[in-house]
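> When you get a sec, could you give me coordinates for this:
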Amino acid sequence: MKLYHREIYLNKIRGFYHDTELIKVITGVRRCGKSCLMKTIMEELLDAGISPSNVVYINLDKRGFKSIKTPEQLEKTIDDLCVTDGIKYLFIDEIQNVENFEEVINAFREEDEYSIFITGSNSYLLSGELVTKLTGRYIEFEMYPLTFDEYLGMKSFLKKPVSEDTIVEFENYIIEGGFPKTLTIDSLADKKSYVNGIIDEIFEKDIKRRVKIRNVSTFNVVKSYIINNFGATTSLTNMLEDLRKAGSDITRETLNHYIQILCDAKILYKCERFDLKSRKSISGEQKYYLVDLGFYFSTNTDNRINYGPVLENIVFVYAKSRGYAISIGRIGKLECDFILRNQQMQYSYIQVAMTILENIDTENREYKPLELIRDNYPKYVITRNDLIQQRNGIIHVNIGQFMKDGKMF
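Okay, the predicted model is just below:
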């Protein structure tokens, strides 16, 4: 069965398909499509003429492999399956199921006959441990749920009806979220149940097994608070005060620990502040964005859309999926929603708004921070569905069409 090819990620990885020196690590929140990405890489290798006997796939969550728990068992399984000459293309799913897997994987890497691909769900399971045990011997590719262009592409691939009205589809995308499996589910209630199940799965498989949480009910309060306040400027002090008012009196250290757990599980991403005048990061105030809006809408009965944080969240994840580093910009007393930096160290500046057409004050509020930035990097005002404006060389785009076209900033 052919799979939907997610070119955003395949384009990043193709140059490493035959590399036997670097382990390819694919990370991302659960159910974002890591296993399918590995299978599409396998498809491409087979289509390019690689012998099926040289392509080996081990899913450590599946029957036949789920009993593999020790490095010795993993090593024997790989030896039993990789019996041909030439480069062996080894794909291992849910590698964190085997404790101390790093030593085994590195031993095969040392033989220079294996191009190795592994997946895992958490940065604290993979990046943290690999940094110490496999420094310089791996490259990480982080995946996200479907961005809007992928959402439309996968709907067409699955032969699902796609409206010609981009805004209609964009509104559907906001409510449904971008977990690939949801596109095969017709009922919105069932989609929400599925996403709620992902949250439960993350807790049971990624958090509970690896991190000791003494008070689960308090952790759930913090989780709900953060999810319901995504995109809001906040500090630990403000969060502690809000939680105390709601009846949850916890220490600053515990709150920070719980937030880090949610970030490590890739439910949340922190976006820190950057002062454009001093060119330094500002500690203490930040925003948290969700890896997918489905986490918000699946846990809330109210489907009304607060477009401010929603559009910001979508832009944030879209930019992350394209490999940009992201921060919030401050110019004096004014704020720029996002500063993006690409791998060539080039910048883009972005303001996000529901609309700029309400009145001149609304327009000025979005344009003025960008007009104060004295460099020649591109500057964008992103809105939901406005008539396109022209002002001082700043690029005005509507978010749905911009993302539908898969454009870069």
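
> Leaving out the residues flanking it, which one is nearest to residue 83?
residue 53 (7.6 Å; CB to CB, 6 or more residues apart in numbering). C-betas here are computed from N, CA, C, even on glycine.

> Next: residue 77.
Per CB to CB, 6+ apart, closest to residue 77 is residue 68, 5.9 Å.

> how about the residue lying closest to residue 378 once chain neighbours are set aside, what does it touch?
Distances taken as CB to CB, 6+ apart put residue 348 closest to residue 378, at 5.0 Å, once the chain neighbours are dropped. Counting by CB atoms under 8 Å, 6 or more residues apart in numbering, residue 348 makes contact with 324, 339, 340, 342, 377, 378, 379, 380, 409.

> a strand runs through residue 348, doesn't it?
Yes: the assignment for residue 348 is a strand, going by DSSP: H, G, I helix; E, B strand; the rest coil.

> any idea how far the residue nearest to residue 77 is from residue 24?
20 Å (CB to CB, to the nearest Å).

> middle-most residue in the chain, spatially?
Central residue of the chain (CA atoms, centre = their mean): residue 144, 3.3 Å from the mean position.

> Give me the pLDDT for it.
Residue 144 is assigned 97 on the pLDDT scale.

> count of neighbours near the residue nearest to residue 311 when sequence neighbours are not counted?
Using CB to CB, 6+ apart and skipping residues adjacent in sequence, the residue nearest residue 311 is residue 352, 5.0 Å away. With neighbours defined by other CB atoms under 10 Å, the count for residue 352 comes to 24.

> can you map out the strands along the protein?
According to DSSP state E, the chain carries its strands in the segments 23-27, 55-59, 88-93, 114-119, 138-142, 268-275, 280-290, 325-331, 334-341, 347-352, 379-383, 395-398.

> Got the confidence number for residue 284?
For residue 284, pLDDT reads 68.

> Lowest average pLDDT across the strands of the chain?
Among the strands of the chain, strand 280-290 carries the lowest mean pLDDT (a mean of 82).

> Please export the C-alpha coordinates of that strand as CSV.
C-alpha atoms of strand 280-290 as CSV (Å, rounded to 0.1, in the frame of the first residue of the first chain):
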residue,chain,number,x,y,z
LYS,A,280,20.0,39.3,23.6
SER,A,281,17.4,36.9,24.9
ILE,A,282,15.1,38.0,27.7
SER,A,283,14.6,35.5,30.5
GLY,A,284,11.5,35.2,32.6
GLU,A,285,8.7,35.8,30.1
GLN,A,286,7.8,33.4,27.3
LYS,A,287,4.9,31.8,25.4
TYR,A,288,4.1,28.2,25.1
TYR,A,289,2.6,26.8,21.9
LEU,A,290,1.0,23.4,21.3
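
> Determine the set of other helices and strands touching that strand.
strand 268-275, helix 307-321, strand 325-331 (3 or more CB pairs under 8 Å, 6 or more residues apart in numbering; DSSP states H and E).

> change it to 7 Å
strand 268-275, helix 307-321 (3 or more CB pairs under 7 Å, 6 or more residues apart in numbering; DSSP states H and E).

> Would you mind listing the outside residues contacting the first one?
Strand 268-275 is contacted by residues 226, 262-263, 281-282, 285-291, 316, 320, 326-330, 339 when judged by CB atoms under 7 Å, 6 or more residues apart in numbering.

> Going by neighbour count, which of those residues are buried?
226, 262-263, 286-291, 316, 320, 326-330, 339 (16 or more other CB atoms under 10 Å).

> For the closest residue to residue 97 other than its chain neighbours, what are phi and psi?
Nearest in space to residue 97, with sequence neighbours left out and distances taken as CB to CB, 6+ apart, is residue 60 at 4.2 Å. The phi/psi pair for residue 60 (degrees, to the nearest 10) reads phi -70, psi 0.

> Begin at 520, not 1, for the rest of this chat.
Yes, from this point I'll number from 520; that puts the last item at residue 579.

> What's the local residue count around residue 579?
22.

> To what extent is residue 796 buried, counted in neighbours?
With other CB under 10 Å as criterion, residue 796 counts 9.

> Any figure for the gap between it and residue 849?
8 Å.

> again with residue 539
46 Å.

> what's the answer for residue 631, then?
49 Å.

> what's the answer for residue 522, then?
Counting by CB to CB - residue 522 and residue 849 are separated by 43 Å.

> got it, and residue 910?
22 Å.

> By mean pLDDT, flag the weakest helix or strand of this protein.
helix 646-652 (a mean of 66; mean pLDDT, DSSP states H and E).

> how's this structure carved up into domains?
The chain breaks down into these domains under automatic domain parsing: 526-661, 665-928.

> what about the stretch 570-719 of the chain, any weak spots by pLDDT?
640, 642-650 (pLDDT under 70).

> Helices of that one, start to end?
With DSSP state H, counting those that start in this stretch as the criterion, the stretch 570-719 of the chain has helices at 590-600, 620-629, 646-652, 667-676, 685-695, 707-720.

> right, so of those helices, which gets closest to residue 825?
helix 685-695 (10.5 Å; CB to CB).

> quick one: contacts of the closest one?
667, 670-671, 681-682, 701, 710, 812-813, 816, 822, 824, 829, 904, 919-920, 923.

> Compute the inter-axis angle for that helix and helix 667-676.
Between helix 685-695 and helix 667-676, the angle comes out at 100 degrees (axes from the mean of the first three to the mean of the last three CA atoms, to 10 degrees).

> what's the angle from helix 685-695 to helix 707-720?
40 degrees.

> What are the buried residues along helix 685-695?
Neighbour count says helix 685-695 has 685, 688, 689, 692, 693, 694, 695 buried, by 16+ other CB under 10 Å.

> thinking again about what came up before, burial count for the residue nearest to residue 602?
Residue 572: 13 neighbours (other CB under 10 Å).
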